[in-house]
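**Q** requesting a structural model of the entry that follows:
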Amino acid sequence: MRSRWRYFLPVTLFEQFRHFFNLFYLLVALSQLVKWFAIGPLVTYLAPLAFVVAMSLSTEFLDEFKRWRQAAVLNNEAYVALTHISETGQLKFTQLPSKRIRPGYVLRLGTNARVPCDCLLLKAYGSEGATFIRTDQLDGETDWKLRYALAVTQNREFDAWPQLDGFLQVEPPRKEIYEFEGVLALRNAAGEFDRVHLSLANTLWGNTVVAGEPVLALALFTGERMRSSLHRDKAASKVSAFALEINNMSKILCAVLLVGALMLTALAPLSRYSIIYFVRHVLLLTSILPISLKVNLDLAKFVYKYYVQHDAELAGVRVQNTNISEELGRLDILLTDKTGTLTMNKMKLTNVVCNQKIYNLNVVRLDTFAPQNPLEALLDAAESETARLHRFALCMSVCHSVFVAQNGGGAEQPVFQASSPDEMALVQWCCSVGLVLAERSRDAIALSYAQEDGRRARLALKLLDTYAFDSERKRMGVLVEFPDSGARYYVVKGADSAVLELLASSPLWIKESVEYLASQGLRTLVFGFKRVSEELFAALQAANASALESFGNLAEKKYAVADRLLDCGLEFVGATAVEDHLQRDVPQTIEALCQANIKVWMLTGDKADTALSIATSTNLKRVLLSRCSPSQKAQLVAVLTGLFPQLRVAAVGDGGNDVPMIQRAHCGFGLVGFEGKQAALSADVRLLEFRQLRALVLYHGHLCRLRSFKLSSFVIQRGLVLGVVQLFFSASFYGAPVSVFPSALLVGYATYYTMLAGFAQVFDYDVAPETIYMFPEL
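**A** This is a model prediction of the structure:
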C-alpha cells in the first residue's frame, strides 16, 4: 500500500497528460521558459492548466483514498490460523491479520465470517460435513451455496491431521469462479497413493461469507491471486458518441489554430525569425483550444448523476458509469432480456402435462401425495393415472438443485435455498401436495410423504451423481439409488428441444401440449427417466474412472460420458409449465420507447412460442430472437455495433447470462433481480424495474444530451471569441505577435468572469417530464 501512494502522483500526472488538451497546454506553459517564445507572464498559461489538473487530481485522490481505507479495513481483519506444528506434534493456532495469511495456513472461520482468501474446505462442524456460504459480494447471486468438506479430513479427528502423508495438486489461479479442479493424493497403508478429486463444491472463495456452521479451511491463494481479485477485471472503457464528436471538434479547432497562426506569420516578410513568430502566434491563439472543456463536462456528469439518483420516479437507480450520460439521449436500439427483465421472475407452477392431459392447477387441485404402493414401484410400473402423477411428482422432487436451509416450522414447512426460481416453484408445489423435500446432503436426498394410514413416512435416496444444468446442453440430471433394493434411476429435466430427442418414444401429443402451453406465455420443462441396469452402471463407473485419470476439463469429460451412456432411451414422465407475470407498466414503457424511435428487440433463451406470447402482451413488435445463449447475445451486439457504427445500441438484463451483452453494448442497464446482482454490478446504470427506463431515457437522457451540447458550445464559443479578436488584432499590425489582452483578463475570462454563467447551462431544461412522456418523439 505504501508503494501505491509512492507512485500515486507520478502515475496520476502521467494519466492526466495523456489527454491532448493537458499536454498541449503543458507545452505552451513550458514554452514561456524560452525567452524567444515568451509573450507574457508564465502564470497566464500555467494557471488554467494548474486549475484543470488540480481538479482531476482531487477526484483521483478521493477515489484512491476510499479504496485505501476499504482495503485497510479488510487487510487488518483478525483471523485464527494454524501456522505451524511444534516438534512435539502440537498444533499451534495464532491470531493474525488477514494480510499475513499465507498459502498452507489452516483457518478457523466462524459463522458470518468473511473468507479472507481462496480456501479448500477441510472440516465443517455442521451436519453431514457441509456448510452454506453467501456469494453475493463475489458474483452478485443472493441464494446460498452449499459446500462440502473433504471426507478424508471431515471424518478424521483434527489432532490426527499431522499424520496424513501426501500432496495436494490444484489448478493455477484463474478468474473462473464456477469451476475448480484439484487432486489430493494420500499415502495408504500399502504405501500407494489414493487420489481424491476436488471440485467447486469443496471450495470457499475469498470475499464470500460463511453462512452455516464454523469450518476449518486450507488457504490456497491469497492477495492478487484470489479468484475475487482476478475476477475484478474492469470492463473495456466505454466512449460515448458525444465524446467522439468533441474529440473530432478538438481536431478541427487545432487545425483552425494552426492555419490562423500560419496566416499571421505569412503577413510578415519571410525571415529567420518566421519560425519564432509562428510559435508565438500559436501561443497567442491557444484560447481557441478550450482547456476547461473536459473539466466542465466531467463536473456536469456529476450533476446529471445527482439528478438521476434523486428523481422520485427513479428510486433505487444508481449511475455507475457517468461516461455514457449523453448516450442515454441518442439510443437507436434497445436489446432486452425476457425473464426477470420484462417479467417479475417469480414463478408459479400452473400446469402439468401427464396422462395425455393438461392439468390446470389453478382450476383442478390434485390429490395429496399418498401412494398405496412403495415409491420404487412408481418408477417401475405406473399403471393408473394417479400413479403416473405420483411418479411425476417424485421425479420433480428429486431432479433439482434446491437445498433445505432450515426446518423452521417443522418438516412440512422447510425453508429452501435455490438458484433457480423455476426449481423453487416445482419443489414448493410438490410440498403443497404432500411430497416434501426434508433434507439434502452431498450424497443423499430425503423426502417426506403421507402414507395411506395418514402417518408420514421418510424416503432417503442415495444421490450417486448430479449433472448440473448447462446453458449449452439445456438440461440437468440426477442419478439416484433406492437404499433397500439398490435399484438405480437416472432422472433428467430440461428444455423440450433438449429432452424430447432423448426419449425412446416421443408421441406427437407431447410436443403439441408443450407448444400450446408455451404459446400461453408459460415456461415449460420436460421430464424423463430411465432405469440404470447393473451393466450400464458398471460401464458408467469405468468410463468416469477413465476420464478422471487425466487432470483437466473434468466437467466436460463427465458430461460427455453422460451424453453417451445415460442421455438416450428415456421414458417420458411429464412436462411442467410455470407462469411468470409481467412487471409493472412494461407495455406502456415499450410503447413510449418505440414512439421515441428506439427499436426494442427481445433476446431470450426461452422457447419461441413463450417469447412470442410475452412479446404480444408487451406490444413488442420489432425483432424477437429465441433460444439465444449468452455468447450469442453478445455477438449480436458486436455485429450491430460493427456493421452500423452510427447506431447507438443499449442492452438491459437481470442475470449473469446477460452480462456479456450488457458490457458489449454502448449503454448497459442491469436490473437487481431475484437471482442476484451480477447484471446490475456489471452495468453502466443499475435499475430496479424495467419501467424506470422511460424516465431515464426519455427525460434524463434528453436533458443530458441537450445540456452537454449547450455547455460545450458555450465553452468553445468563449475560446473562439478571444482567438478571433487576437487574430484580427495581429492581422491589423501585419502579423505582429503581440497580445491584445492583459494577462489578468486572460486568466479571469475563462474562470471567475464566465465560468458560472457557462456552467448554468447544466441546470437548464427545455421541457417538463409530463410533456415528454406525453410526446416521446421530443
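**Q** tell me the helix or strand right after the lowest-mean-pLDDT helix or strand in the chain.
**A** Of all helical and strand segments in the chain, the minimum by mean pLDDT, DSSP states H and E falls on helix 2-6, at a mean of 60. Counting by DSSP states H and E, the next helix or strand C-terminal to helix 2-6 is helix 8-16.
**Q** with just CA atoms, put that next one into PDB.
**A** The C-alpha coordinates for helix 8-16 follow below in PDB (Å, rounded to 0.1, in the frame of the first residue of the first chain):
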ATOM      1  CA  PHE A   8       0.200   7.800  -7.000                       C
ATOM      2  CA  LEU A   9       1.300  11.300  -8.000                       C
ATOM      3  CA  PRO A  10       3.600  10.400 -11.000                       C
ATOM      4  CA  VAL A  11       1.100   7.800 -12.300                       C
ATOM      5  CA  THR A  12      -1.800  10.200 -12.000                       C
ATOM      6  CA  LEU A  13       0.100  13.000 -13.600                       C
ATOM      7  CA  PHE A  14       1.100  10.700 -16.500                       C
ATOM      8  CA  GLU A  15      -2.600   9.800 -17.000                       C
ATOM      9  CA  GLN A  16      -3.600  13.400 -17.000                       C
END
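**Q** figure out how far the following helix or strand past that helix is from the centre of its chain.
**A** With elements assigned by DSSP H and E, the helix or strand that comes after helix 8-16 is helix 20-31. From the chain centre to the centre of helix 20-31 is a distance of 41 Å (CA atoms, centre = their mean, to the nearest Å).
**Q** show me what helix 20-31 is packed against.
**A** helix 42-75, helix 241-267, helix 274-284 (3 or more CB pairs under 8 Å, 6 or more residues apart in numbering; DSSP states H and E). For the C-beta atoms, the positions are set from N, CA and C on the backbone; glycine is no exception.
**Q** switch to 6 Å and redo it
**A** helix 42-75 (3 or more CB pairs under 6 Å, 6 or more residues apart in numbering; DSSP states H and E).
**Q** what is the mean pLDDT for the helix it packs on?
**A** Helix 42-75 comes out with an average pLDDT of 77.
**Q** backbone phi and psi for the residue nearest to residue 343 when sequence neighbours are not counted, please?
**A** Once flanking residues are discounted, residue 343 sits nearest to residue 580: 4.2 Å by CB to CB, 6 or more residues apart in numbering. Dihedral angles of residue 580 (phi, psi; degrees, to the nearest 10) stand at phi -130, psi 110.
**Q** distance check, residue 580 against residue 610.
**A** Distance of residue 580 to residue 610, given as CB to CB, to the nearest Å: 9 Å.
**Q** so what touches the strand ranked longest in the chain?
**A** Longest strand in the chain, counting residues (DSSP state E): strand 456-470. Residues outside strand 456-470 that contact it (CB atoms under 6 Å, 6 or more residues apart in numbering): 375, 443-451, 476-481, 562.
**Q** how far away is residue 470 from residue 570?
**A** Residue 470 sits 17 Å away from residue 570, going by CB to CB.
**Q** which of the two has more neighbours?
**A** Taking other CB atoms under 10 Å, residue 470 and residue 570 do not tie; residue 570 has more neighbours (24 against 14).
**Q** and the residue nearest to the more buried one when sequence neighbours are not counted, what pLDDT?
**A** Nearest in space to residue 570, with sequence neighbours left out and distances taken as CB to CB, 6+ apart, is residue 528 at 3.5 Å. Looking at residue 528, its pLDDT reads 94.
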